[in-house]
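Enquirer: what follows is a protein structure lacking sequence information:
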């Protein structure tokens with residue numbers, strides 16, 4: 001899906017940034033950040049435009065997107081930053097830390113997700129009219145699906161790239 005966005009927006013580079021400690025994660029014990037970084041690298045290695053950044057892991061603590069985008073603005077001065085999220089996240093955007101500042105620091109791009117169209121769910125946030133919506137091919141796979149398949153000892157190759165599946169099984173992730 002992100003490759004579709006990169007194609008439409010003609011992006012030269014897309015940074016994938018695993019959260020150090022997600023602020024609203026429903027998992028009681030998420031995989032350690034080092035393993036999530038390794039899985040992200042395995043997932044995106046086929047697209048040369050994709051790069052994994054450890055900016056949130058290096059900063060430590062709870063990961064808030066606005067803090068990450070501030071850091072990226074300092075690291076990439078003069079670069080137009082795009083923040084790509086799914087409609088599922090856009091539905092909650094007004095509850096994010098400093099959403100108005102985020103809209104000032106980066107161009108927000110919303111992809112349809114789970115059959116929801118971002119255009120149909122505009123949050124009440126100043127500056128949200130600048131959001132760009134990108135149609136992408138529908139992929140109905142969630143992290144919940146992957147964890148359930150692992151827990152049920154089903155093959156996860158239909159859900160994740162081979163390298164990611166190898167890490168999940170090597171480390172015994174999501175099995176309980």
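Expert: Okay, I see it. Remember, it's a predicted structure, so these values are computed and weren't measured experimentally. Numbers count the residues shown, from 1 in each chain.
Enquirer: going forward, measure contacts and count neighbours with C-alpha atoms only.
Expert: Will do.
Enquirer: and this protein, split by domain according to the record?
Expert: The domain map for the chain lists 2-139, 141-176, with the assignment taken from automatic domain parsing.
Enquirer: how about TSV for these, with mean pLDDT and mean neighbour count added?
Expert: Formatted as TSV, the domains of the chain follow (pLDDT from 0 to 100; neighbours: other Cα atoms under 10 Å):
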stretch	mean pLDDT	mean neighbour count
domain 2-139	91	16
domain 141-176	88	15
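Enquirer: the helix or strand containing residue 84 pairs with which strands?
Expert: Residue 84 belongs to strand 82-86 when assigned by DSSP states H and E. Sheet pairing of strand 82-86 (DSSP bridges) gives strand 107-111 (parallel).
Enquirer: what does the partner strand contact?
Expert: Outside of strand 107-111, the residues within contact range by Cα atoms under 8 Å, 6 or more residues apart in numbering are 5, 80-87, 90, 117-118, 130-136.
Enquirer: kindly report the same for stretch 43-58.
Expert: 11-20, 33, 37, 40-41, 63, 68, 160-161, 163-164.
Enquirer: if we use 10 Å, what do you get?
Expert: For stretch 43-58, the external contacting residues (Cα atoms under 10 Å, 6 or more residues apart in numbering) are 2-3, 6, 11-22, 33-34, 37-38, 40-42, 60, 62-65, 67-69, 71-72, 160-165.
Enquirer: quick check: residue 166 touching residue 155?
Expert: No: in this structure residue 166 lies outside contact range of residue 155 using Cα atoms under 10 Å: 11.2 Å.
Enquirer: helices of this protein, start to end?
Expert: With DSSP state H as the criterion, the chain has helices at 2-9, 33-44, 55-59, 65-75, 87-90, 99-105, 143-151, 162-171.
Enquirer: which elements pack onto the last one?
Expert: Here helix 162-171 touches helix 33-44, helix 143-151, going by 3 or more Cα pairs under 10 Å, 6 or more residues apart in numbering; DSSP states H and E.
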